[in-house]
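# Have a look; sequence and predicted model below, questions after that.
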Amino acid sequence: MFASICRRRLAIPLLPILAAGTNPIRYSPGAVILPHGYSSTAVAAAAPDPEPCPDTVSYLVSCGLSPAAAAARKVRIRDTDRADAVRGLLREYGFTEAEVTRTVRQDPLLLNFDPDRIIRPKLEFFFSLGFQPRMLAAEPHILARSLDNHLVPCIEFLRGILGSDDNLRVAVSRVPRALMADLDNHMRPAVEAFRRHGLSVEAIAKLLLIHMGVLRIAPDRIREIFEDLKALGLRVTDTGFLYGIRVMCSLSRETWLRKVALYRSFGVSEGQLLRAFKTQPTMLLVADESVKKKLRFFLDELKFELSDVMRQPLALSLSLEKNIMPRCAVLSLLMREGKIEPKTKFLPALLCNSKVFAERFVLKHATDLPNVVKAFEGKIKFEGFGGRGLKCLLPTE
């Protein structure tokens, strides 16, 4: 199968074409990363200074920034009373002290804005839609954009696609920086490109819920991504196709090459990696060190076969410390007490949702073996299965 893919003009084969030097991603930072724009009414008051001002540095330190972080902000606070009023306004709308500090750290220029004329209307707008302070604290540059000329039109456009304010809140809260994208130059062209290449309205809505940052992808890049995913055997109607778009727009060529090399260093074959990617595209978004730790744990500690792990790539996306190891601690305890046999399908048990795992392995034994609850909560450390003949059985076995 993969050989036939390689005979086509393919931008992203996982191995052979990489070796030939083809760029698998054709990443275009300029098409993805947008500058932080400010509303025209606020630019004059918020213009940054080239050198740090000692009084400003002192004020920012009093806001919770470290001296180094304060000195790095090329801004002059021109009126500390106004700056205090801006911070007070944020608190009035429910920002915690940590969220106020985060807002100031990310965009101290906001402290020069008129709190009632410029910032309050935007806070009213977002809070009327049900957004929480943490979303704005995560991307405070939004508060510098024009309400009438940018924010309202963008929100109306997104609501028309997502269908409800609930979906709108979820999508924007996951990637608030996507609201910095220009409506006519980025959002509309991206959505039209998705439609033109075969995504239904429902699929586009789901894609925005997965990662609204795709609205910042240039149409030419979208075309390339569709070609690449189709060449890898994914169909536009597959759910994995949407996650593939999310992955492809997030990885540079260098990152992709590094991740492929990482899996290869553990002995993952070309076919295994291709099948795993098609099953769970987001596996390539897992940090390198996390992948190493998980693979070493599965292979060295649990003695699983590499082929079994790669057949269940979700295992590489779960938290080792918060998910996998506590479950292993539960299963180890149950095995020592004779409650389960080594032939239990361990890998599926590690991958099922928490409710199913709790019902099957924790609540069922909690009365006569209370420590299973502590193990599930991570309060009992997993120390191995003691050489017992653990088997990594898959659901079909």
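Nice, I can see it. All figures in this text were calculated on a predicted structure; none of them were measured in a lab.
# Show me the helices in the stretch 1-150 of the chain, by range?
Secondary structure of the stretch 1-150 of the chain by DSSP state H, counting those that start in this stretch: the helices cover 2-6, 16-19, 29-32, 40-46, 54-62, 67-72, 80-92, 97-106, 120-128, 133-138.
# out of those, which comes closest to V214?
Ranking the helices of the stretch 1-150 of the chain by their distance to V214 (criterion: C-beta to C-beta) puts helix 29-32 first, at 9.6 Å. (Glycine included, C-beta is placed from N, CA and C.)
# mean confidence score for the closest one?
Mean pLDDT, computed over helix 29-32, is 33.
# cool, stretch 376-391 as well?
75.
# Same question for stretch 70-89.
Across stretch 70-89, pLDDT averages out at 91.
# Give me the buried positions along it.
Neighbour-count burial for stretch 70-89 flags 70-71, 73, 75-77, 83-87, 89 (criterion: 16 or more other C-beta atoms under 10 Å).
# Now do it: distance to the chain's middle.
Remark: stretch 70-89 is offset 31 Å from the chain centroid, using C-alpha atoms, centre = their mean, to the nearest Å.
# what about it, start to end distance?
Stretch 70-89 has an end-to-end distance of 21 Å (criterion: C-alpha to C-alpha, to the nearest Å).
# re earlier: for the buried residues of stretch 70-89, which one is nearest V104?
Comparing the buried residues of stretch 70-89 against V104 with C-beta to C-beta places R87 closest, at 7.1 Å.
# Not counting residues beside it along the chain, what's closest to that closest one?
The shortest distance from R87 to any non-neighbouring residue, by C-beta to C-beta, 6 or more residues apart in numbering, is to V100 (5.5 Å).
# So what's the residue count around the one you found?
If you count neighbours by other C-beta atoms under 10 Å, V100 ends up with 21.
# Show the pLDDT at it.
On the pLDDT scale, V100 gets 96.
# Equivalent analysis for T237, please.
For T237, the model assigns a pLDDT of 89.
# Once you drop chain neighbours, what's closest to it?
Nearest to T237 is A203, by C-beta to C-beta, 6+ apart, at 7.9 Å.
# any idea how far V75 is from Q106?
Distance, Q106 to V75, by C-beta to C-beta, to the nearest Å: 12 Å.
# The residue nearest to T237 sits in which helix or strand?
helix 201-210 (DSSP states H and E).
# Including distance to H211, could the buried residues of stretch 70-89 go into a markdown table?
Output for these, formatted as a markdown table (distance: C-beta to C-beta, whole Å):
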| residue | distance to H211 |
| --- | --- |
| A70 | 33 |
| A71 | 35 |
| R73 | 29 |
| V75 | 31 |
| R76 | 37 |
| I77 | 36 |
| A83 | 35 |
| D84 | 37 |
| A85 | 36 |
| V86 | 31 |
| R87 | 32 |
| L89 | 31 |
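# which pair in these spans the largest distance?
The distance between the two most remote of the buried residues of stretch 70-89 (C-beta to C-beta) is 25.8 Å, for A71 and L89.
# Against H365, how distant is F376?
Distance from F376 to H365, by C-beta to C-beta: 10 Å.
# How about P133?
Computed as C-beta to C-beta, the P133 to H365 distance reads 42 Å.
# for L242, same thing?
Taken as C-beta to C-beta, the span from L242 to H365 is 39 Å.
# tally of neighbours for L316?
Neighbour number of L316 under other C-beta under 10 Å is 21.
# which non-adjacent residue is nearest it?
M283 (5.0 Å).
# what sits against the one you found?
Going by C-beta atoms under 8 Å, 6 or more residues apart in numbering, M283 touches 276-277, 313, 316-317.
# Could you list the low-pLDDT ranges of the chain?
1-52, 342-345, 386-397 (pLDDT under 70).
# now do 50
Along the chain, the parts satisfying pLDDT under 50 run over 1-13, 15-41, 43-45, 389-397.
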